[in-house]
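Q: Next one to model:
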Amino acid sequence: MTHPVLGVDHSYLLVDDLDASAERYRRLGFTLSPRGLHSPQKGTGNYTIIFQNDYLELLGVVAETELNAAQRKTLATYGEGLHAIANRTANADAAKPALAELGIGTGEVSAFSRPLPLPGGGEGITSFRTLGFDPNDVPLGHFFLCQHETRDMVWRPELQDHANGAVSLGGIIGVSDDPRRTAETYARFYAAGRIEEAQGGFRVETGEGSAPLFFFDPAAITALYPGLDIGKTPSNGFAVLRVRVRDTERTASVLSGQGIPFIKTSTGSIAVAPADASGAVVEFI
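A: I've put the predicted structure just below:
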C-alpha cells in the first residue's frame, strides 16, 4: 500500500476583506494573480500567490450563500488568518481507500472547476479534485488533499516573479499546548512524515521539496517572535507562514519602502505582524 499524501501543495488565508488583503500582500512584495471568482453557489473569490512548486491563496467570501456558512462562522468565531493546508496527491479518488487502510478518515471526493482570469487578459479554466480529512482527527484548521488537473493554468511563469524575492513556502507553524503530540498526529498524515525537535518545538517533514510543519507551545513561539502579537492569529488555525526568499536584505528593502514594520529574529529571518498580513505572522527566511 502506498501512502497517497505527498507533501504541502498550498495553504490559504481565510480573510475578512478579500481586496484589502490583496493590497496588503502586494505591499509585502508579492505578485498576485488576477482576482478569481468561484461559482455563485460557493460565493467566494480568491487571489493566488504562486511560487516554484507551491503557492499561497487568499480566500474571501464575496456573497453570503448556504455553501459558505461554515467559512463565515469561522471568520466570526476565530478571525481571519491561516486556516488551511492543502496537500499534494496524485489521485484523490485512489487516496480515499488508501487512507482508509491506514486508519485515516476522510470525507467524499469533490470535483470542481472555476474560471481563471489570465494576467495578460482572457480567461482559462482550472480544475481540481479534493478530499477532506475527518475534521475530528485534525487538531488545527482545515486539512485536505488537492489533485490538480490543470497544473499549467495555476503555475504560470509570469506569476512567479515577486519583488520580495519569494520562491517557495518555507514552513507552516501551529501553536499547541502539547506540540509533540500534535506533531505526531500530523506526521501520520504524510507518506514522508517524521518528526524531530527544532527551535524549542517539533518539526514535521512532509515530503521532498515540501514545506515542513512546526508546532510550538505558547511560550516557545512568543520567544521566537518577540514583539509580535501571536494572539492576533486564529486559535484554531496556524500562526505563522514562513516564506523562503532569495535574499532577506532585498525583502527588508521592499518592506521598508512600503513603510511596513518588521522584526529581525534570532535566526536572521524577518517577520511581519498579523495586523499587516491579514491575521498571520509572515516570516521571510
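Q: need the helices for the stretch 1-150 of the chain, in chain order.
A: 18-27, 69-78, 92-101 (DSSP state H, counting those that start in this stretch).
Q: which residues touch the first one?
A: Meaning helix 18-27. 13, 15, 32, 35, 45-47, 49, 58-62, 80, 258, 260, 276-278 (CB atoms under 8 Å, 6 or more residues apart in numbering). Bear in mind the C-beta positions are built from the backbone N, C-alpha and C, glycine included.
Q: What subset of these is buried?
A: The neighbour count (16 or more other CB atoms under 10 Å) marks 13, 15, 32, 45-47, 49, 58-62, 80, 260, 276-278 as buried among these.
Q: Next, find the distance separating Val15 from Ser266.
A: Taking CB to CB, to the nearest Å as the measure, Val15 falls 30 Å from Ser266.
Q: Report the contact partners of the nearest residue to Thr222 once chain neighbours are set aside.
A: Excluding the flanking residues, the one nearest Thr222 by CB to CB, 6 or more residues apart in numbering is Ile230, at 6.1 Å. By CB under 8 Å, 6+ apart, Ile230 lies in contact with 175, 218, 221-222, 239, 274, 281.
Q: ok, and for stretch 172-190, which residues are buried?
A: 172-176, 179, 182-190.
Q: And stretch 146-164, by the same measure?
A: The neighbour-count check on stretch 146-164 (16+ other CB under 10 Å) flags 146-148, 154-156, 159, 162-164 as buried.
Q: and if you look at stretch 219-235?
A: Result for stretch 219-235 [16+ other CB under 10 Å]: buried residues 220-222, 224-225, 228, 230, 232-234.
Q: before we move on, what about stretch 102-120?
A: Applying 16+ other CB under 10 Å to stretch 102-120 flags 104, 106, 109, 114, 116 as buried.
Q: export those residues to a markdown table and tack on distance to Gly207 and pLDDT?
A: Shown next, in a markdown table, are these (distance: CB to CB, whole Å; pLDDT from 0 to 100):
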| residue | distance to Gly207 | pLDDT |
| --- | --- | --- |
| Ile104 | 16 | 97 |
| Thr106 | 19 | 97 |
| Val109 | 21 | 97 |
| Arg114 | 26 | 83 |
| Leu116 | 26 | 81 |
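Q: closest to Gln71 among the residues you listed?
A: Arg114 (15.9 Å; CB to CB).
Q: quick one on the thing from earlier: go through the buried residues of stretch 219-235 and say which is closest to Glu66.
A: Closest to Glu66, out of all of these and judged by CB to CB, is Pro234, at 23.0 Å.
Q: Over to the closest one. Which of the three states is it?
A: coil (DSSP: H, G, I helix; E, B strand; the rest coil).
Q: Next up, the contacts around it.
A: 74, 78-83, 141, 279.
Q: got a winner among those residues for most neighbours?
A: Leu82 (29 neighbours; other CB atoms under 10 Å).
Q: okay, the buried residues of stretch 102-120 in a markdown table with distance to Val8 next?
A: Listed next are the buried residues of stretch 102-120 as a markdown table, based on distance: CB to CB, whole Å:
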| residue | distance to Val8 |
| --- | --- |
| Ile104 | 17 |
| Thr106 | 17 |
| Val109 | 20 |
| Arg114 | 21 |
| Leu116 | 21 |
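Q: Just the ones of the residues you listed in strands?
A: 106, 109, 114, 116 (DSSP state E).
Q: do you know which of the helices of the stretch 1-150 of the chain lies nearest Val245?
A: Nearest of these (CB to CB): helix 18-27, 14.1 Å.
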